[in-house]
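Participant: I'd like to go over a predicted model; first the sequence, then the structure.
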Amino acid sequence: MPVELTDEQANVLNGAHRLMDQLLTNPKTKHVVEKAIKTIHPTVVTEADKAQPLINGIVNVNKKLDQTINYLKTKEIDSNLSSAFSKLKEDYAYTDEGIDEIKALMVKERIPSPEAAAALYSRRNPPTSAQTPSLFSPTDWAFGHIEPNDEDTKLLWKNEDTWADKQSRKILAEIAKGTFNEKF
């Protein structure tokens, strides 16, 4: 049964139709209007519903891409660390136990560089002497312990200032006579 509308009602209906067309064709308002319609009529299929499988596919591809990038970064970091630890073994003769202690120090002190951690480790753990000196061998050069044979050496050990004055006068006298020889 046909419904008769007044001109005013027809104008309101046409204006509402134009407004709805404008809202649904404008990219800035389309998703808002469709969301409002979906709230009132949940069975309506919107553009967001149609795009959801594509969006899910893109999200899955992005996750895989992020995982791959993280794997490659981790692999590169592991490779760099492995080569740095190998260099420490080769250049500084660290043992596996020493490398393990350096790794623990890196974690504890948050040091990113194996070389810096090795330097700190070496500073905190200086090497011990490989061989302790023998108790039978002398620890000095025996200066002053051996009895001198001549008077000049005896004077040197007894009073070095007097000996130096005597030697200075002797050299000055040789220079004055012209007999001073610089070569020994």
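Facilitator: Good, I have the coordinates. Computed from a predicted model, the values in this text were never measured in an experiment. Numbering: from 1, shown residues only.

Participant: residues touching residue 13, list them.
Facilitator: Contact analysis of residue 13 by C-beta atoms under 8 Å, 6 or more residues apart in numbering lists residue 5. C-betas here are computed from N, CA, C, even on glycine.

Participant: That one: helix or strand, and which one exactly?
Facilitator: Assigned by DSSP states H and E, residue 13 belongs to helix 7-25.

Participant: Likewise for residue 51?
Facilitator: helix 47-92.

Participant: Does that helix pack against any helices or strands, and if so which?
Facilitator: Helix 47-92 makes packing contacts with helix 30-40, helix 96-109, helix 114-124 when contacts are defined by 3 or more C-beta pairs under 8 Å, 6 or more residues apart in numbering; DSSP states H and E.

Participant: what pLDDT, on average, does it get?
Facilitator: In this model, helix 47-92 carries a mean pLDDT of 92.

Participant: Same question for stretch 121-135.
Facilitator: Here the average pLDDT along stretch 121-135 is 76.

Participant: Would you point out which residue is most central in this structure?
Facilitator: Centroid check for the chain by C-alpha atoms, centre = their mean gives residue 112 as the closest residue, at 3.3 Å.

Participant: Spell out which residues sit in contact with the residue found closest to it once you drop the neighbours it is linked to in the chain, please.
Facilitator: Nearest non-adjacent residue to residue 112, counting by C-beta to C-beta, 6 or more residues apart in numbering: residue 106, 7.4 Å away. By C-beta under 8 Å, 6+ apart, the contact list for residue 106 reads 112, 114, 117.

Participant: Can you tell me how far residue 103 is from residue 94?
Facilitator: Plainly put, residue 103 is 11 Å away from residue 94 if you go by C-beta to C-beta, to the nearest Å.

Participant: ditto for residue 154
Facilitator: In terms of C-beta to C-beta, residue 154 sits 55 Å off from residue 94.
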